[in-house]
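In: just coords:
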């Protein structure tokens with residue numbers, strides 16, 4: 001499962017309409033918005049990055065939306081692989097660094 005956050009840009013006067021469209025879309029969860037700047041923070045989920053990209057593009061095509069930019073992405077599979085890689089390649093801590101002075 002992948003989870004990503006996006007910053008969605010809209011005209012300040014269109015924030016309420018954009019929020020309503022996003023809420024009805026079923027594509028994302030809305031967490032924060034700044035009416036003065038026309039910024040909305042949402043999260044999307046997908047089984048893989050392809051599904052997430054599809055959702056991001058669908059959000060960009062929605063009425064009242066000017067853009068959607070990826071800010072953060074998390075993949076459970078990628079995290080597990082990174083942990084395994086670190087365990088295999090992590091060098092031992094030199095004894096000199098273990099001494100307490």
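Out: It's in. Quick caveat, the model's predicted, so the values are computed rather than measured.
In: Could you report the pLDDT at residue 86?
Out: pLDDT recorded at residue 86 is 63.
In: Likewise for residue 97?
Out: 58.
In: what's the span of stretch 11-30, first residue to last?
Out: 17 Å (CA to CA, to the nearest Å).
In: Residue 40 and residue 19 touch, don't they?
Out: Yes: checked against CB atoms under 8 Å, the pair residue 40 and residue 19 is within contact range at 6.6 Å. Quick note: C-beta positions are derived from backbone N, CA and C, even for glycine.
In: Neighbour count for these two, which is higher?
Out: Neighbour totals were compared for residue 40 and residue 19, and residue 40 leads with 24 against 18 (other CB atoms under 10 Å).
In: That one should be in a helix, yeah?
Out: No: using DSSP: H, G, I helix; E, B strand; the rest coil, the secondary structure at residue 40 is strand, not a helix.
In: Look up how far residue 47 lies from it.
Out: According to CB to CB, to the nearest Å, residue 40 stands 24 Å off from residue 47.
In: same question, residue 69
Out: 22 Å.
In: Kindly report the same for residue 65.
Out: Taken as CB to CB, the span from residue 65 to residue 47 is 24 Å.
In: what's the burial count for the residue nearest to residue 52 when sequence neighbours are not counted?
Out: Setting aside the residues directly before and after it, residue 52 is nearest to residue 46 in space (CB to CB, 6 or more residues apart in numbering), at 4.0 Å. A count of nearby residues for residue 46, using other CB under 10 Å, gives 18.
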